[in-house]
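# okay, sequence plus prediction incoming.
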Number of protein chains: 2
Amino acid sequence: MIEQVENDIKNLVHQIDYSNVTRLFDALSGGKRLRAKLVLKIAASSENSVRLAAIIELIHAASLLHDDVIDEASVRRGVPSVNATEDSKTAVMLGDVLYSKAFSELVHFESAIASCIAHSVTSLSVGEMMDVAMASHFNSDADAYLNMLYLKTATLMEAAATAAALLAQKDATAYGVYGKNLGLSFQIIDDILDIVSDEATLGKPAMNDFVEGKCTLPYIYLYDALNRRDKERLKDCHARELAPGEGAWIRARMEEHHSIEKAYALARKLSDEAITSVKDDRELVAVIETMMKRRY
Amino acid sequence: MIEQVENDIKNLVHQIDYSNVTRLFDALSGGKRLRAKLVLKIAASSENSVRLAAIIELIHAASLLHDDVIDEASVRRGVPSVNATEDSKTAVMLGDVLYSKAFSELVHFESAIASCIAHSVTSLSVGEMMDVAMASHFNSDADAYLNMLYLKTATLMEAAATAAALLAQKDATAYGVYGKNLGLSFQIIDDILDIVSDEATLGKPAMNDFVEGKCTLPYIYLYDALNRRDKERLKDCHARELAPGEGAWIRARMEEHHSIEKAYALARKLSDEAITSVKDDRELVAVIETMMKRRY
């Protein structure tokens, strides 16, 4: 059924009727289509669920295009980003085209569905602004970090699950919780992998988040546990290239203070809540367990 | 009634509930609110028409934020642009927030209204891509230029007029023609003023469009009228700083070949069609006549 979504995405992009858009879009990597699969697993198979999944993937693609401009990222899903192969303005314009095409299609859905998806896009844009603002200093506030993570990463998954449940006349609140917690857990695991994986697995240097100024959960937990002198030492390493000894020092302190385990425990707790929320849905339990076990 | 729109815009931005957004938005110049006024003149005064006008102004503001990033413009409506005072990524993010907030509100309108506004945003984004693509070479195709102008500048006015007419249960097609032609005429006059006005009036050097690679209608008409040698001379001047003698030469040739008059005649023809389309609406006739007479 994911093939139907791929076809629908192609059709929607083709409807835009501008060869430059088709060419640029075709060169993008589609990624795991996690949000589309989520919609298809929750909603019964129908023309509407396929279209909803396609719309959400267009929104996700648009947000990634703009993210890469904002983060000046040169690689996305293993291929060079549009801002790298073309330029930033092309990535901005292509993102705008995809966003607006998605919204054009969204208005044909019932108001509750359209509203929850549209609202999540505002949240993710605000979350992106918060992410950038937070990277300008060493943020040690776990709640502020998790709120940003929710807005930036989890709201679209929450909206996808909620909208799919509305479409299938299932319990929208319960599935919304699942989507939200899946999104949060996914990102926390991502943040952990950035620290514990090697460059070959990540496709970028390890601890890149911290170098870019992003103080993810393990760093926040570590900061909390350190004595005053080591707190200063950690802060001093923030948002700059790390010497090999510094990276090793941070990882050793994280091991000592179980910072990774604490972050993992939160992801586990959120996943358990997600599972409880949709307890009868074995497929969704499998999705979250696979996600929790991933190593890249 | 435009004050109600201003208040509604403020409320919508306030609902986004992020201080950085409010601060950045408050620093923007609201501009002439031409689209909001158009909605209010066509639709009867109501909560819905005020909200529709506010939504369209948010979309317009978002599109200008992204335009300025794409064109690397440092001034907008007489004040420094957000990409100049902050940076490009802030302008991209703020634009995304405003676009998505506008769409979130749009879904509460009936599907035909929401659809025509959303669709126009896709058109304007595609138009922006075409504008950039066209500036990379000397475009002498008037139809291609006018199609780009329609998409980039006129579709949102067309959609504003159509949506307002739908809201007021007036003839949507007739008002749509008015909006489209108003938008096209507006831009053609803008293109003429860029050539015939002085720097003090424009707030930027005269003939800046051509320097930036934009081959507007008077240049296309001039190219068409020139002999082969002068065609080459004109093309040679394209998309670079002009020596004073070169600017004077282009203007003299335009005078000789009535290029400005031809462009003005097209704006007049489009305006007349707009007037015919809404023949009973004296206020809308006044809007287009004022626009045609403007000198800045």
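All right, it came through fine.
# near chain B, which residues of the stretch 51-200 of chain A show up?
A:66, A:69-70, A:88-90, A:92-94, A:96-97, A:99-101, A:103-104, A:106-108, A:111, A:114-115, A:118-119, A:121-122, A:124-126, A:128-130, A:132-133 (C-beta under 8 Å from any C-beta of the partner chain). All C-beta atoms are positioned from the backbone trio N, CA, C, and that covers glycine.
# ok, 7 Å please
Within reach of chain B by C-beta under 7 Å from any C-beta of the partner chain, the stretch 51-200 of chain A has these residues: A:66, A:69-70, A:88-89, A:92-93, A:96-97, A:99-101, A:103-104, A:107-108, A:111, A:114-115, A:118-119, A:121-122, A:125-126, A:128-129, A:132-133.
# filter those down to the buried ones, ChimeraX style.
Buried residues among those (16 or more other C-beta atoms under 10 Å in any protein chain shown), as a ChimeraX selection:
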select /A:66,69,70,88,89,92,93,96,97,99,100,101,103,104,107,114,115,118,119,121,122,125,126,128,129,132,133
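# just the strands in chain A please.
A:75-76, A:79-80 (DSSP state E).
# buried deepest among the ones you listed, which one?
Mean neighbour count (mean count of other C-beta atoms under 10 Å in any protein chain shown) peaks for strand A:75-76 among the strands of chain A, with a mean of 16.
# contacts for that one next, please.
By C-beta atoms under 7 Å, 6 or more residues apart in numbering or on different chains, the residues outside strand A:75-76 that reach it are A:29, A:64, A:68, A:81, A:203.
# just stretch A:163-183 next, same as before
Contacts of stretch A:163-183 (C-beta under 7 Å, 6+ apart): A:38-39, A:42-44, A:48-49, A:52, A:112-113, A:116-117, A:150, A:153-154, A:157-158, A:160-162, A:270-271, A:273-274, A:277-278, A:284, A:288, A:291.
# least confident of the strands of chain A, on average?
Comparing mean pLDDT across the strands of chain A, the weakest is strand A:75-76, with a mean of 78.
# ok, that one: who's next to it in the sheet?
strand A:79-80 (antiparallel) (DSSP bridges).
# quick one: which of the strands of chain A is nearest A:Glu241?
strand A:75-76 (18.2 Å; C-beta to C-beta).
# please state the offset of the closest one from the chain centre?
Relative to its parent chain, strand A:75-76 has a centroid offset of 14 Å by C-alpha atoms, centre = their mean, to the nearest Å.
# what residue ranges in chain A score low on pLDDT?
Filtered on pLDDT under 70, chain A yields the residue ranges A:296.
# so which residue is dead centre in it?
Closest to where the C-alpha atoms of chain A average out (C-alpha atoms, centre = their mean) is A:Thr153, at 4.0 Å.
# setting the sequence-adjacent residues aside, check what's closest to A:Arg268.
Leaving aside its sequence neighbours, A:Arg268 sits nearest to A:Met292 (C-beta to C-beta, 6 or more residues apart in numbering or on different chains; 7.0 Å).
# swap that for A:Arg253, sorry
A:Leu222 (5.9 Å).
# ok, the one you found touching A:Glu255?
No - look at A:Leu222 against A:Glu255 with C-beta atoms under 7 Å: they stay out of range, at 10.0 Å.
# more crowded one of these two?
The neighbour count for A:Leu222 versus A:Glu255, taken as other C-beta atoms under 10 Å in any protein chain shown, is higher for A:Leu222 (26 against 12).
# distance of A:His137 from B:Asn20?
Distance, A:His137 to B:Asn20, using C-beta to C-beta, to the nearest Å: 14 Å.
# er, A:Ser100 I mean
In this view, A:Ser100 and B:Asn20 are 24 Å apart by C-beta to C-beta.
# repeat for A:Asn181
27 Å.
# next: A:Phe186.
In terms of C-beta to C-beta, A:Phe186 sits 26 Å off from B:Asn20.
# looking at the residues of the stretch 51-200 of chain A next to chain B, which are in helices?
Among those, DSSP state H puts A:66, A:69-70, A:88-89, A:92-93, A:96-97, A:99-101, A:103-104, A:111, A:114-115, A:118-119, A:121-122, A:125-126, A:128-129, A:132-133 in helices.
# now A:Thr201: how far from A:Asp68?
Distance from A:Thr201 to A:Asp68, by C-beta to C-beta: 21 Å.
# neighbour count winner among the two?
Shown here are A:Thr201 and A:Asp68; by other C-beta under 10 Å, A:Asp68 has more neighbours (21 against 12).
# quick one: residues contacting the more buried one.
A:76, A:81, A:83, A:91.
# look up how far A:Ile188 lies from A:Tyr221.
Taken as C-beta to C-beta, the span from A:Tyr221 to A:Ile188 is 11 Å.
# anything in contact with each of the two?
A:Ala263.
# so between the two, which is more surrounded?
A:Ile188 (25 against 22).
# okay, now the domains of chain A?
With automatic domain parsing serving as the domain definition, the record reports that chain A contains domains spanning A:1-108, A:110-296.
# dump those domains to CSV, plus distance to B:Asn11.
Output for the domains of chain A, formatted as CSV (distance: least, C-beta to C-beta, whole Å):
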stretch, distance to B:Asn11
domain A:1-108, 21
domain A:110-296, 14
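# out of the ones you listed, flag the one nearest B:Ala243.
B:Ala243 lies closest, by C-beta to C-beta, to one member of the domains of chain A: domain A:1-108, at 28.5 Å.
# measure the closest one end to end?
22 Å (C-alpha to C-alpha, to the nearest Å).
# and the contacts of strand A:75-76, which are buried?
Of those, these count as buried by 16+ other C-beta under 10 Å: A:64, A:68, A:81.
# so what's the last one up against?
For A:Ser81, the set of contacting residues under the criterion of C-beta under 7 Å, 6+ apart consists of A:68, A:73-75.
# A:Gly78 now?
A:Gly78 neighbours (C-beta under 7 Å, 6+ apart): A:29, A:203.
# how far away is it from A:Lys235?
A:Gly78 is 33 Å from A:Lys235, where distance means C-beta to C-beta.
# which parts of the stretch 101-250 of chain A are helices?
A:111-134, A:142-149, A:155-167, A:172-196, A:199-202, A:208-211, A:217-225, A:228-237, A:244-256 (DSSP state H, counting those that start in this stretch).
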